[in-house]
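**Student:** Starting from these lines, generate the structure:
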Amino acid sequence: MTKMTIFLFLVTLFSPMTLSSAEESQNISTKTAVIFNTLCAKCHEGECSGRLSFDTGSKAADSHIKRYAGDTTVSKDESKEFFTLLNHMKTKCALLMPDGDKWEQENLSHFALPSSKGYFIPLGLLKSGKYLIVIKTKEEIHFRVEVISNRFDSFLDATVCPDQKEESLGFTLDETANTFLRIQSRKPLHITAMEIKFQDK
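**Tutor:** Here you go, the predicted structure:
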C-alpha cells in the first residue's frame with residue numbers, strides 16, 4: 001500500500017481582521033471539504049465566477065451555496081466553511097482537505113457525502129508510474145470515478161457499470177502528484193474496502 005500523506009494548502013483571505021490562513025483552514029471540517037469537493041468543485045470551471053464576489057463576505061453567497069448543496073442540509077457555520085473553500089479554490093486554484101485526517105480503510109465512511117451518493121478521498125502524494133485502484137462496494141450500481149490532483153489535473157475519469165461488487169481501474173501519473181479520488185453516484189453507495197496498488201513505471 002502506498003504511504004498516504006495529506007498536504008495542507010493555506011487559504012488566502014481578503015480581510016486582515018479575520019483569522020490567519022492556517023487557523024482558518026484548520027476550522028474546516030472533513031464533512032464540509034468532502035461535500036464541497038464532491039458537489040461544488042465545478043465552480044472552478046466558471047459556473048460561479050460571474051455571480052459571486054469574495055469581498056462581500058460569506059452571507060452574500062449563502063443562498064447560492066444552499067441551493068447547490070443538493071439533498072445535503074447546510075448550517076450557517078458550514079456555509080461559511082464552503083465560502084472559505086470557494087475563496088481558496090478561486091484564488092489559489094487548488095483543492096483542500098483538512099490537515100490531520102488520513103485515509104484508512106476502516107473509516108471510508110468519514111469521506112462520504114451524508115447522502116452516501118459520493119466520496120472524496122485523499123490518496124496523498126503518489127510518485128509517477130502506473131496504478132491500479134480496487135474498489136469494493138456493498139451495492140452493484142453505476143458510479144463515476146475520478147482521480148484528480150490538487151491542481152485539478154485529471155488522471156482517471158470513468159463510469160463504472162458493475163456486474164459485481166469489486167471494480168479494478170488503472171491510471172498513470174506522469175509525475176509525482178498530490179491526488180484525490182472523487183466518486184459520484186445517483187443512488188446511495190457504500191464502499192466496503194479500497195486499495196491502491198503501484199504497478200510500475
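
**Student:** which SSE is F171 in?
**Tutor:** strand 166-173 (DSSP states H and E).

**Student:** Any chance you could list what contacts that strand?
**Tutor:** Under the contact criterion CB atoms under 8 Å, 6 or more residues apart in numbering, strand 166-173 has outside partners 126-137, 145, 147, 155-156, 158, 160, 179, 199. (Each C-beta comes from the backbone N, C-alpha and C, glycine too.)

**Student:** Break this protein into its domains for me.
**Tutor:** Domains of the chain are assigned by automatic domain parsing as 21-92, 105-198.

**Student:** Rebuild the ones you listed as CSV, extending it with mean pLDDT, mean neighbour count and distance to P98.
**Tutor:** Formatted as CSV, the domains of the chain follow (pLDDT from 0 to 100; neighbours: other CB atoms under 10 Å; distance: least, CB to CB, whole Å):
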stretch, mean pLDDT, mean neighbour count, distance to P98
domain 21-92, 68, 17, 5
domain 105-198, 91, 16, 10
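
**Student:** Would you agree E106 falls within a helix?
**Tutor:** Yes. Membership of E106 in a helix is supported by DSSP: H, G, I helix; E, B strand; the rest coil.

**Student:** how far away is it from A193?
**Tutor:** 9 Å (CB to CB, to the nearest Å).

**Student:** now do A33
**Tutor:** For A33, the distance to A193 - CB to CB - is 22 Å.

**Student:** now C161
**Tutor:** Counting by CB to CB, the gap from C161 to A193 is 20 Å.

**Student:** swap in F171?
**Tutor:** 19 Å.

**Student:** From start to finish, how long is stretch 33-41 in a straight line?
**Tutor:** 10 Å (CA to CA, to the nearest Å).

**Student:** Contacts for it next, please.
**Tutor:** Against stretch 33-41 from outside (CB under 8 Å, 6+ apart): 65, 68-70, 72, 78, 81-82, 85-86, 89, 95-98, 111-114, 118-120, 180, 182-184.
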